[in-house]
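Colleague: structural data only, the sequence is not supplied:
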Ligand SMILES: NCCCNCCCCCC(O)(O)C(F)(F)F
Ligand SMILES: [Zn+2]
């Protein structure tokens with residue numbers, strides 16, 4: 001399978017994140033992508049390409065212009081506040097909640113950090129924008145290769161994207177790579193695109209971006225939001241709104257879910273994707289469903305990812321894989337590439 005690789009991902013390397021009430025070293029580290037890349041190369045699974053030159057205006061098809069403008073200049077504003085900030089990651093501290101306003105753009109940079117985010121676990125640093133922007137270019141390029149006739153393509157990138165909404169970052173995500181890929185497929189004339197999110201965490205950003213649309217069907221298997229991040233979206237009763245009614249499909253699963261139960265949910269999600277007659281598939285490929293993942297709660301084992309790849313191939317759709325989560329760093333390469341291998345062998 002063709003892989004489009006974001007060689008600028010190393011520019012994004014957070015120092016700390018807020019986790020269970022204290023600042024801890026970031027889980028979302030460059031080594032995650034390095035392990036996947038070296039495993040792809042070790043198995044000789046297809047070539048690695050750089051992304052095509054990317055027209056940034058494409059981002060405005062899934063993200064709000066005022067958000068893009070903020071993110072693109074956030075680091076410079078952070079350092080302009082205080083030169084000492086150049087040695088610190090930018091993190092939000094205040095957020096608008098119920099009954100407060102988000103239509104007015106505050107002058108305060110810290111206030112805008114909170115307006116455009118939903119957690120304190122997503123540090124922003126000097127190279128974050130460049131890494132995220134190049135990652136979106138990878139997802140867009142992977143979609144273009146599939147439009148051009150490739151059966152599948154893999155956007156190997158970080159930071160991840162599925163928690164990023166039209167105008168907010170969070171969950172280690174700034175730009176929604178899967179949404180960029182889905183929109184690229186739509187722009188190329190695919191009548192209806194399915195986004196299938198297999199990351200442990202619900203893709204709240206992707207759901208929100210397409211929630212009122214019937215041309216992109218969103219399906220997600222994830223840890224039940226009653227107990228798991230992102231907590232405030234991802235319930236089974238969220239079925240879409242307006243034209244989008246019926247084109248959102250959440251399958252929350254309890255902590256401790258093993259592959260047998262997980263695979264049954266995947267079958268249900270794929271059956272619905274066939275029913276809505278999707279012409280192409282974007283997979284938000286997170287492998288934090290792994291039993292050894294430090295921040296997640298499912299019990300999938302490494303060989304299960306081969307089966308997952310085979311099941312995804314059986315859907316018989318042109319497929320764009322976009323790398324999302326997975327924090328058991330030693331095994332993330334084997335687990336992610338097992339999906340790619342399983343898909344390709346089928
Ligand atoms: N007590 C729970 C703390 C949760 N901290 C944030 C978890 C973010 C997960 C990110 C991800 O894995 O969904 C992505 F794919 F986006 F990278
Ligand atoms: Zn995740």
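Modeller: In hand now; what should we look at? Everything numeric in this text was worked out from a predicted model, so none of it was measured. Ligands and ions are numbered 1, 2, ... in the order given.
Colleague: ok, now how distant is the closest residue to residue 192 other than its chain neighbours from ligand 2?
Modeller: Distance criterion CB to CB, 6 or more residues apart in numbering; nearest residue to residue 192, sequence neighbours excluded, is residue 278 at 5.1 Å. C-betas here are computed from N, CA, C, even on glycine. With distances defined as CB to the ion, to the nearest Å, the gap from residue 278 to ligand 2 amounts to 23 Å.
Colleague: did I read that right, residue 283 in a helix?
Modeller: No: the assignment for residue 283 (DSSP: H, G, I helix; E, B strand; the rest coil) gives strand, which keeps it out of a helix.
Colleague: in contact with residue 246, which residues?
Modeller: With CB atoms under 8 Å, 6 or more residues apart in numbering as the criterion, the residues that contact residue 246 are 214, 239-240, 276.
Colleague: er, residue 122 I mean
Modeller: 14, 17, 91, 169-174.
Colleague: could you do residue 86 as well?
Modeller: With contacts taken as CB under 8 Å, 6+ apart, residue 86 has the following neighbours: 79, 126.
Colleague: that older thread, which one of the contacts of residue 122 sits closest to residue 234?
Modeller: Sorting those by distance to residue 234 puts residue 171 at the head of the list, at 11.8 Å, by CB to CB.
Colleague: and for that closest one, the neighbour number?
Modeller: Around residue 171 sit 27 other residues, with neighbours defined as other CB atoms under 10 Å.
Colleague: touching, it and residue 201? I think so.
Modeller: Yes: at 6.6 Å, residue 171 and residue 201 qualify as touching, with contact defined as CB atoms under 8 Å.
Colleague: overlap in contacts, those two.
Modeller: 162-163, 229-230.
Colleague: returning to that earlier point: surely the residue nearest to residue 192 and residue 194 touch.
Modeller: Yes: with contact defined as CB under 8 Å, residue 278 reaches residue 194; the gap is 3.6 Å.
Colleague: more crowded one of the two?
Modeller: residue 194 (29 against 26).
Colleague: state the next helix or strand along the chain beyond the helix or strand containing that one.
Modeller: Per DSSP states H and E: residue 194 is located in strand 193-197. Per DSSP H and E, the first helix or strand lying C-terminal to strand 193-197 is helix 204-210.
Colleague: quick one: the helix or strand that comes right after that next one to chain centroid distance?
Modeller: Next helix or strand after helix 204-210 toward the C-terminus (DSSP H and E): strand 216-223. For strand 216-223, the separation from the chain centroid amounts to 12 Å (computed by CA atoms, centre = their mean, to the nearest Å).
Colleague: which parts of strand 216-223 are buried?
Modeller: 216-223 (16 or more other CB atoms under 10 Å).
Colleague: what comes up buried for the strand holding residue 194?
Modeller: By 16+ other CB under 10 Å, the buried positions in strand 193-197 come out as 193-197.
Colleague: counting by contacts, list what it packs against.
Modeller: Contacts of strand 193-197 with other secondary structure elements, assessed using 3 or more CB pairs under 8 Å, 6 or more residues apart in numbering; DSSP states H and E, are made with helix 177-187, helix 204-210, strand 216-223, helix 259-275, strand 280-285.
Colleague: dump these to a markdown table, plus mean pLDDT.
Modeller: A markdown table is the format used below for the helices and strands packed on strand 193-197 (pLDDT from 0 to 100):
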| stretch | mean pLDDT |
| --- | --- |
| helix 177-187 | 98 |
| helix 204-210 | 99 |
| strand 216-223 | 99 |
| helix 259-275 | 98 |
| strand 280-285 | 99 |
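Colleague: distance to ligand 2 added to these, as a markdown table?
Modeller: A markdown table is the format used below for these (distance: least, CB to the ion, whole Å):
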| stretch | distance to ligand 2 |
| --- | --- |
| helix 177-187 | 13 |
| helix 204-210 | 11 |
| strand 216-223 | 8 |
| helix 259-275 | 14 |
| strand 280-285 | 9 |
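Colleague: which one of those lies nearest to ligand 1?
Modeller: Each of these was scored for nearness to ligand 1 using CB to the nearest ligand atom, and the closest is strand 280-285 (7.3 Å).
Colleague: and the closest one, what other elements does it pack with?
Modeller: Taking 3+ CB pairs under 8 Å, 6+ apart as the contact cut, strand 280-285 packs with helix 177-187, strand 193-197, strand 319-323.
Colleague: partners of the second one in the sheet?
Modeller: Meaning strand 193-197. When pairs are called by DSSP bridges, strand 193-197 turns out to pair with strand 216-223 (parallel), strand 280-285 (parallel).
Colleague: quick one: contacts of that strand?
Modeller: Among residues not part of strand 193-197, those counted as contacts by CB under 8 Å, 6+ apart are 162, 178-179, 182, 185-186, 203, 206, 210, 215-222, 269-270, 273, 276, 278-284, 286, 312, 317, 324.
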